[in-house]
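*Asks:* I'd like to go over a predicted model; first the sequence, then the structure.
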Amino acid sequence: MDIKQGVDSVPAGRTFAWELCDLAVAAAREAADLVRAQRAGGIGHVATKSTDTDVVTSADRAAERLITDRLRHARPADRILGEESGTHAGRSPVNWLVDPIDGTVNYVYGLGHYGVSIAAQVNGVTVAGVVRDIDSGAQWHAVRGGGAWRDDRRLTGSAVTDLGVALVATGFGYQPQRRARQGAVVAGLLPHIRDIRRFGSAALDLCLAAEGLVDAFYESGLNTWDFAAGGLIAEEAGLRVTGLAGAPAGADMVLAAPPALYGPLHERLAALDAAAG
């Protein structure tokens, strides 16, 4: 399928970003196939990183090698930042952000909510991104200024306007102190919304928000590779994607909500000092 299907025209300035998106889509599809095949054959070695709850598998590393190889072959001068392998130097203004399995704990337990996330930045601005659900094969992608798409369907986010009936997705970090703080924020937010959902993959959660399957998303403590692709997809679906108190989305906070929910949700999170963890 042509990922530009459904787009009436692509401005000339966006052609390069679509080319990057095409490359990311192909790499994500191949990596997802590899991870799914490895899952069918057994998990293999499971190690830990920052804490005993922060896991990494041989499939994470194999998928990142595959993606890096594909990007390097197509665009050898680009820089790449991978969750597992770190920085690969390059001289071009393009920087790739790669999360080979976002939701590794779900992958280990066979829970079915884990995905490949690849974003392309040009001079520090995210211009293309793809997130692919490894288990189901669902794919979301976006190009800056070109809309957000699930396969060939354009996304417009949730139509909910009342925070009191909003279903909000979030996630938790791996450090005990951060988790305690995040739990306190959830406790403070719950009386003011419909409910909370914690699925275990920020990249996929942002895509669900872009599609309107949840009404909004927030999380503190994310790395850039966790939210770069999903954040662009949410933004191109019409959501506001920021941090708190005028800060950009980043490690302190990623908040994604449609305009009608953004203000009241931002106000609640700021009052709860949600970015402080």
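*Replies:* Looks like it arrived, so ask away.

*Asks:* okay, now Pro264: neighbour count?
*Replies:* Other residues near Pro264 come to 18 when the count uses other Cβ atoms under 10 Å. C-beta here means a position set from N, CA and C on the backbone, and glycine is covered the same way.

*Asks:* which residues touch stretch 150-157?
*Replies:* For stretch 150-157, contacts defined as Cβ atoms under 8 Å, 6 or more residues apart in numbering pick out 1, 5-6, 138-140, 147-149, 207, 209-212, 233-234, 236-239, 258.

*Asks:* please redo it, this time with the cut-off set to 6 Å
*Replies:* With contact meaning Cβ atoms under 6 Å, 6 or more residues apart in numbering, stretch 150-157 is reached by 5-6, 140, 147-148, 210-212, 237-239, 258.

*Asks:* stretch 210-220 now?
*Replies:* Contacts of stretch 210-220 (Cβ under 6 Å, 6+ apart): 148, 150, 155, 157-158, 160, 166-171, 197, 202, 205-206, 208-209, 233-234, 237, 253-257, 261, 265, 275, 277.

*Asks:* show the buried residues in these.
*Replies:* The neighbour count (16 or more other Cβ atoms under 10 Å) marks 148, 150, 155, 157-158, 160, 166-171, 197, 202, 205-206, 208-209, 233-234, 237, 253-257, 261, 265, 275, 277 as buried among the contacts of stretch 210-220.

*Asks:* look up phi and psi at Leu213.
*Replies:* phi -80, psi -20 (degrees, to the nearest 10).

*Asks:* what's the weakest-modelled helix or strand in this structure?
*Replies:* strand 46-48 (a mean of 58; mean pLDDT, DSSP states H and E).

*Asks:* one step back: which of the buried ones among the contacts of stretch 210-220 fall within strands?
*Replies:* 148, 150, 167-169, 197, 254-257 (DSSP state E).

*Asks:* now the two most distant members of these.
*Replies:* Arg150 and Leu255 (21.6 Å; Cβ to Cβ).

*Asks:* so where is the stretch 51-200 of the chain shaky, pLDDT-wise?
*Replies:* 51-56 (pLDDT under 70).

*Asks:* those helices in it, which residues are they?
*Replies:* In the stretch 51-200 of the chain, the helices defined using DSSP state H, counting those that start in this stretch lie at 58-74, 104-109, 176-189.

*Asks:* so which of those helices is nearest Asp226?
*Replies:* helix 104-109 (11.6 Å).

*Asks:* now the closest one: buried residues?
*Replies:* Those would be 104-108, for helix 104-109 by 16+ other Cβ under 10 Å.

*Asks:* redo those residues as a markdown table? Include distance to Tyr218.
*Replies:* Below are the buried residues of helix 104-109 laid out as a markdown table (distance: Cβ to Cβ, whole Å):
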| residue | distance to Tyr218 |
| --- | --- |
| Thr104 | 21 |
| Val105 | 20 |
| Asn106 | 20 |
| Tyr107 | 23 |
| Val108 | 25 |
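
*Asks:* tell me which of the residues you listed is nearest to Ile134?
*Replies:* So of those, ranked by how close each gets to Ile134 (Cβ to Cβ), first place is Tyr107, at 7.5 Å.

*Asks:* which ones are touching the closest one?
*Replies:* If you count contacts by Cβ under 6 Å, 6+ apart, then Tyr107 has 101, 114 around it.

*Asks:* number of nearby residues for Val98?
*Replies:* Val98: 27 neighbours (other Cβ under 10 Å).

*Asks:* now it: how far from Glu19?
*Replies:* 18 Å (Cβ to Cβ, to the nearest Å).

*Asks:* now Ile67
*Replies:* 17 Å.

*Asks:* who's more crowded, these two?
*Replies:* Ile67 (25 against 15).

*Asks:* that one touches Ala26, doesn't it?
*Replies:* No - using Cβ atoms under 6 Å, Ile67 makes no contact with Ala26, being 10.0 Å away.

*Asks:* so which elements touch the lengthiest helix in the chain?
*Replies:* Ranked by number of residues, the top helix in the chain under DSSP state H is helix 15-41. On a contact count with 3 or more Cβ pairs under 6 Å, 6 or more residues apart in numbering; DSSP states H and E, helix 15-41 meets helix 58-74, strand 115-122, strand 125-133, strand 139-143.
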